[in-house]
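Asker: Just to be clear, the model below is a prediction. Sequence and coordinates:
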Amino acid sequence: MNTFNALTIALVSALSVGCTSNLAKNTNESFSAQPASQLQAQTLSALKIATWNVEHLAYPIDTGCRARTPSEIAAMKAYAKNLDADIIALQEVGSKAALQQIFSEDDWQLIMSSRADSKAYTCRQTGALSTQQKVAFAVKKAIPVLNTASIDQLGLARAGLRYGLQITVNTQQGPTDILNVHMKSGCFVDDYLKSDSPACKTYAQQAPVLNSWVEKHETAGTPYVILGDFNHRISAPYNRLTRTLLSDERSTSITTSQLLGCQARYPAPIDHIIVGGMNAKNITKSAQVHKFKNMDNKAMLSDHCAVSVSLTANAHSLSSAVLWQTTSKEYKALATTTYEQAKAAVMQLPNTAHNWVAVMDVDETVLDNSAYQKQTELNGKGYTPQSWQAWVASEKATLVPGAKSFIETVYKHGGKIALVTNRNKQNDLHTWNNLKAVGLPITVENTCLIGRSEADKNAVNNNEFINDKDLRRQQVTQGTADCFSPSGQNNNWQQPQVIKFQVGDNIEDFSGVTQESANIKTLQPKLGKSLFLLPNPMYGSW
């Protein structure tokens, strides 16, 4: 085992057993006097949280890599006030004294990272000596902070790297851990494991620490927030960190993924707010970038704008997407028409075609899960891995309009169906039972069901395998697909197949395509002929 791997494993192990160091006692003096019962009783109905990298905020103001004038400090103070946030995570803070220039302790609890000061360096542009770059929180005094913790592991035991800083507050979801991060800068590729740069090697060691923190909260089923300067373009769906943190088995969601960076030169933002264990749809709707009054490059108050979201009380009402899917005549018309087009394409195949298949997605392509979406919206909890697993196990999904008729047409014309689903492969039995329960004439001879495994996710390399269904599609064509077979029944899928049609509700249900890279002009000639796309406004890779 090399030093790199050993250090990473050691750090992840330390975090997974809860080895976080508490902040120094004097850090908590401003809120530690409140009785625990009082702290637990106070829960906000809505909580607005923001993150802002304040770019070398120093005290005295004329020191460090970005010296400021009193008028600039006054403008920063006004900007912070106008955020109208209850909790603000800050990065690149030199000291508590620097923070006090923006946030008065009459109104705010100021919580600084406990990281020891690192050695100063010479600033590239000014030649001045640098000040510290630490993370911090400003929390309104009306909000009890139940606990604080320093996530030292993100510092990798190296001088200059930032610790994570965690606070716990009550929200509508219960006690919620909020983690402020400032990740290593300089690694702006989608896959840090494929870069030899020192920055990316460092990032590759920090990423498992974040992943373990998320996994701990997902396992415990507790709500959480990660926000800050990720120094990485995680809004790209095939970014490695994004794929590491987000999965169908987790409730993790990047609520700010649809935002654009505040600088025209850098449209892909690196400041983000991630949530888990809560209804992310309502939160995502509240996401916003807070631009400065003067966005000229030299006049900006910092090289980062703040971003914010509101953790609001769940409205317990149905979204327009679910209402449309469950009640509109348009949905049924579009789905049925798409399948009629697909049937017509099947009937145009020559009789000489053999060993051919139609590859289909399952959810919202064959099985309609809108009842699950409706249930989670009405109870205000949104998607969670636990509730989704319970739904899959219930085997109560219904049929998408037109799906059965199309599948029967494929069988009638000598074809087979390959169901390539991103349901966990361990759920294949439940999926199979559900498909039979809705009346589909599936057998192991005419249908190959393949759930997703870790191998599918790990195969994505942006070369041979572009999305996480590509490996399974290749296995179907090569005759090596690991098809589900109840009771170990034999099947005839261990021979090469020719994919004639692909049907799905997501553009990534098509071979070699991602949401980010899809070229509609290239796909257009195939749509309605060999590729068939169904409507799904409820969720997707967008």
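Answerer: Sure thing, it's come through.

Asker: After whichever strand in the chain runs longest, heading C-terminal, what element do we hit next?
Answerer: For the chain, the longest strand by residue count, based on DSSP state E, is strand 46-57. As assigned by DSSP states H and E, the chain's next helix or strand after strand 46-57 is helix 70-82.

Asker: Below-threshold pLDDT in the chain: ranges please.
Answerer: For the chain, the stretches with pLDDT under 70 are 1-45, 313-317.

Asker: domains of it?
Answerer: 3-312, 320-533 (automatic domain parsing).

Asker: can you give me how far the last one is from the chain middle?
Answerer: Read it as domain 320-533. The chain centroid and the centroid of domain 320-533 are separated by 23 Å under CA atoms, centre = their mean, to the nearest Å.

Asker: ok, back up a step: looking at the domains of the chain, which is nearest to Tyr539?
Answerer: Within these, the stretch nearest Tyr539 is domain 320-533; the backing value is 7.6 Å (CB to CB). All C-beta spots, glycine's among them, are computed from the backbone N, C-alpha and C.

Asker: Now the terminal residues of that closest one, how far apart.
Answerer: 21 Å (CA to CA, to the nearest Å).

Asker: One more: stretch 166-182?
Answerer: Stretch 166-182: ends 12 Å apart by CA to CA.

Asker: In a markdown table, list the domains of the chain along with distance to Trp542 and mean neighbour count.
Answerer: Formatted as a markdown table, the domains of the chain follow (distance: least, CB to CB, whole Å; neighbours: other CB atoms under 10 Å):
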| stretch | distance to Trp542 | mean neighbour count |
| --- | --- | --- |
| domain 3-312 | 9 | 18 |
| domain 320-533 | 6 | 18 |
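
Asker: how about these in CSV, adding distance to Gly540?
Answerer: Compiled in CSV, those are given as follows (distance: least, CB to CB, whole Å):
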stretch, distance to Gly540
domain 3-312, 10
domain 320-533, 5
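
Asker: Look up the closest residue to Val139, ignoring the ones flanking it.
Answerer: Of all residues not flanking Val139 in the chain, Gln109 sits nearest, at 4.5 Å (CB to CB, 6 or more residues apart in numbering).

Asker: State the distance from that neighbour to Lys96.
Answerer: As judged by CB to CB, to the nearest Å, Gln109 and Lys96 stand 11 Å apart.

Asker: likewise Ala280?
Answerer: For Ala280, the distance to Lys96 equals 33 Å [CB to CB].

Asker: same deal with Leu154?
Answerer: Distance from Leu154 to Lys96, by CB to CB: 20 Å.

Asker: what pairs with the closest residue to Ile111 other than its chain neighbours across the strands?
Answerer: Computed as CB to CB, 6+ apart, the closest residue to Ile111 that is not its neighbour in sequence is Phe137, at 4.3 Å. Under DSSP bridges, the beta-bridge partners of Phe137 are Ala89, Ile111.

Asker: Does Phe137 touch Ala85 like I think?
Answerer: No. Taking contacts as CB atoms under 8 Å, Phe137 lies outside contact range of Ala85: 11.0 Å.

Asker: Give the residues shared as contacts by the two.
Answerer: Residues touching both Phe137 and Ala85 by CB atoms under 8 Å, 6 or more residues apart in numbering: none at all.

Asker: what's the offset of the lengthiest helix in the chain from the middle of its chain?
Answerer: As assigned by DSSP state H, the longest helix anywhere in the chain is helix 198-220. Distance, stretch centre to chain centre, for helix 198-220: 14 Å (CA atoms, centre = their mean).

Asker: So which elements touch that helix?
Answerer: helix 3-16, strand 174-182, strand 224-229, helix 240-245, strand 271-276 (3 or more CB pairs under 8 Å, 6 or more residues apart in numbering; DSSP states H and E).

Asker: Gln502 is in contact with Val476, correct?
Answerer: No. At 10.9 Å, Val476 and Gln502 do not qualify as touching, with contact defined as CB under 8 Å.

Asker: shared neighbours, these two?
Answerer: With CB under 8 Å, 6+ apart as the test, Val476 and Gln502 both reach Val359.

Asker: mind listing what Gln101 touches?
Answerer: By CB under 8 Å, 6+ apart, the contact set of Gln101 is Leu57, Tyr59, Ile61, Ile73, Met76, Lys77.

Asker: Looking at those, which is nearest Gln288?
Answerer: Met76 (18.6 Å).

Asker: I figured the closest one was touching Leu301, is that so?
Answerer: Yes. Using CB under 8 Å, Met76 makes contact with Leu301 at a distance of 5.2 Å.

Asker: Show me where the stretch 251-400 of the chain has its helices.
Answerer: Secondary structure of the stretch 251-400 of the chain (DSSP state H, counting those that start in this stretch): helices at 280-285, 320-327, 329-347, 370-378, 385-394.

Asker: Contacts made by the third one with the rest, please.
Answerer: Here helix 329-347 makes contact (CB under 8 Å, 6+ apart) with 324-325, 358, 400-403, 405-406, 409-410, 413, 415, 500-501, 503, 528-530, 532-535.

Asker: Keep only those of the residues you listed that are in strands.
Answerer: Short answer: these in strands (DSSP E) are Ala358, Lys500, Phe501, Val503, Phe532, Leu533.

Asker: mind listing what the first one touches?
Answerer: Looking back up the chat, that one is Ala358. Applying CB under 8 Å, 6+ apart, the residues contacting Ala358 are 342, 346, 406, 410, 415-418, 499-503.

Asker: what about the residue nearest to Asp363 when sequence neighbours are not counted, distance to Arg162?
Answerer: The shortest distance from Asp363 to any non-neighbouring residue, by CB to CB, 6+ apart, is to Asn369 (5.5 Å). Asn369 sits 41 Å away from Arg162, going by CB to CB.
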